[in-house]
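J.: below are the sequence and a predicted model; questions follow.
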Amino acid sequence: MLRPVLIVLALIFLPLNVFAATRSVPATNGALASAIAGAAPGDVLVLEPGQHQGPVLLDKPITLDGQNKATLNGNETGSVITITGQDITVRGLEVIGSGSSHETIDSGIQLERTAARILIEENRLLGNLYGVDVHGARNATVRANIIVGRRDHRMNSRGNGIYIWNSPGTLIEENDIQYGRDGIFVNTSNRGTFRNNLMRDLRFAVHYMYAHDSEVSGNISVGNHLGFALMYSKRITVRDNMSLADRDQGLMLNYTNNADLVGNLVRGTGEKCLFLYNAHRNLVSDNRFEGCGIGIHFTAGSESNAITGNAFVANQTQVKYVGTRDVEWSFDGQGNFWSDHPAFDLDGNGIADSRFRPNDLMDHILWSQPAAGMLLGSPAVQLIRWSQAHFPATLPGGVIDSYPLMEPLDIPVSDKIATLEMAARTNPVWLRERTEDVSDPLASH
């Protein structure tokens, strides 16, 4: 008698996927909805080549696999795929035809609050209002998808490539996102990882608000209005990202504290490589800021930031700082490289023999009175600058680098990305599109 009881108990506690099956779904009207309704937990539904009809709801642990040959069309009604269940995978599908409502966040794929441990990978989401909406789901992964947003509205009226709201533990990696509003928009969502994504022809590549204890690493922003807007967040790591030929700013920290910005490259941005606004106790180290209107602009009381090991190369203005106090930009005997610092290193230790001040009194006058730029070539201005260079006591407060470096760090760019950068620089999409002013209001400070 004991043996049959043990067998029954063993069957009861077997994992559900032991009984899972792989089922083929033909591209005929109603077939997919019927297959989902009849699927058992753990089933894999392989969609045959062709167009399948949506929208569909996934509320049980199954897998949809299009094998890169099937298309799912939402017929412009709501979200094409809505996920409310757990342990669900959507892979290898072309997803088209979402609705157009921002109120309901019509998306190619929408993960709702009850969803958890969802994997969205290797899909093509084309022309939907939003690409993927992770709306309250837990521990979701969105990986290696191609997301192409809409272009039939002005930029601020479009949806985001990936939208994350209140979804802790989200992993967003290796996605290629183009067009739409923002590439990745994160709001009130902690402990997320956003890495190795490529984002082009957008408003912001990454728009980040109230997202603490997170990582933004290895991402590439090319030809957007602004690269990485990181706001109202604490304890984030921003490492090894690139902002190339973005229109306004490469990196912006607004009310962001205790962050690490390390190993990033910002090159060819129109206005500012890095903008620090009311940002405190951040580490800015081993970055390369090159070819921008301003290398770093920091204001609104940004204090206690460690800025060391960076390379400031050929920026029109290396630093904009309007305070009256001296601020040291070196740490533990290491400063930064300045391409306009004519220095010597007689002892060969890699540190310049003279300290560097990137700004003088005339810079402060020009920032507060732009019309004074008409006098830049006058003998009086040149005399003032010569006097300050030879009599430092006449200098105003500002940035001082007591240990400037002799050699800049180099951050290589692959041939593929360099080609995209050149195209964005010579023929930017934002110059040809219907658009309104999408700059951040802080840009005027």
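T.: Looks like it came in fine. Numbering: from 1, shown residues only.
J.: the nearest residue to I177 once chain neighbours are set aside and G301, how far apart?
T.: With Cβ to Cβ, 6 or more residues apart in numbering as the criterion, I177 has its nearest non-adjacent residue at 3.7 Å, and that residue is G161. Yep, even glycine has a C-beta here, placed from its N, CA and C like the rest. Separation of G161 from G301 (Cβ to Cβ, to the nearest Å): 34 Å.
J.: next: F312.
T.: 22 Å.
J.: just to revisit the earlier point, more neighbours: G161 and G301, which one.
T.: G161 (32 against 10; other Cβ atoms under 10 Å).
J.: which residues sit in contact with that one?
T.: If you count contacts by Cβ atoms under 8 Å, 6 or more residues apart in numbering, G161 has them with 130-132, 147, 149, 175, 177-178, 180, 182-184, 199, 202.
J.: hmm, 10 Å instead?
T.: G161 is in contact with 108, 125, 128, 130-132, 142, 145, 147-149, 172, 175-185, 197, 199, 202, 205, counting by Cβ atoms under 10 Å, 6 or more residues apart in numbering.
J.: ok, now how distant is it from D201?
T.: Counting by Cβ to Cβ - G161 and D201 are separated by 11 Å.
J.: again with W329
T.: To D201, W329 is 34 Å away according to Cβ to Cβ.
J.: when these two are compared, which one has more neighbours?
T.: Using other Cβ under 10 Å as the criterion, W329 and D201 rank with W329 on top: 26 against 22.
J.: the more buried one contacts G335, doesn't it?
T.: Yes: with contacts counted by Cβ atoms under 10 Å, W329 reaches G335, the gap being 6.3 Å.
J.: got any residues that touch both of the two?
T.: Counting by Cβ under 10 Å, 6+ apart, the residues touching both W329 and G335 are 307-308, 310, 356, 400-404.
J.: can you flag the buried ones in these?
T.: 307-308, 310, 356, 400-401, 403-404 (16 or more other Cβ atoms under 10 Å).
J.: mind picking the lowest-pLDDT entry from these?
T.: Minimum pLDDT for those is recorded at F356 (87).
J.: beta partners for it?
T.: For F356, the beta-bridge partners are D401 (DSSP bridges).
J.: what separates it from N287, distance-wise?
T.: With Cβ to Cβ as the criterion, F356 and N287 are 17 Å apart.
J.: what do you get for V148?
T.: Taking Cβ to Cβ, one finds V148 at 30 Å from N287.
J.: one more: T299?
T.: Note on T299: its distance to N287, by Cβ to Cβ, is 19 Å.
J.: try H280
T.: Separation of H280 from N287 (Cβ to Cβ) stands at 18 Å.
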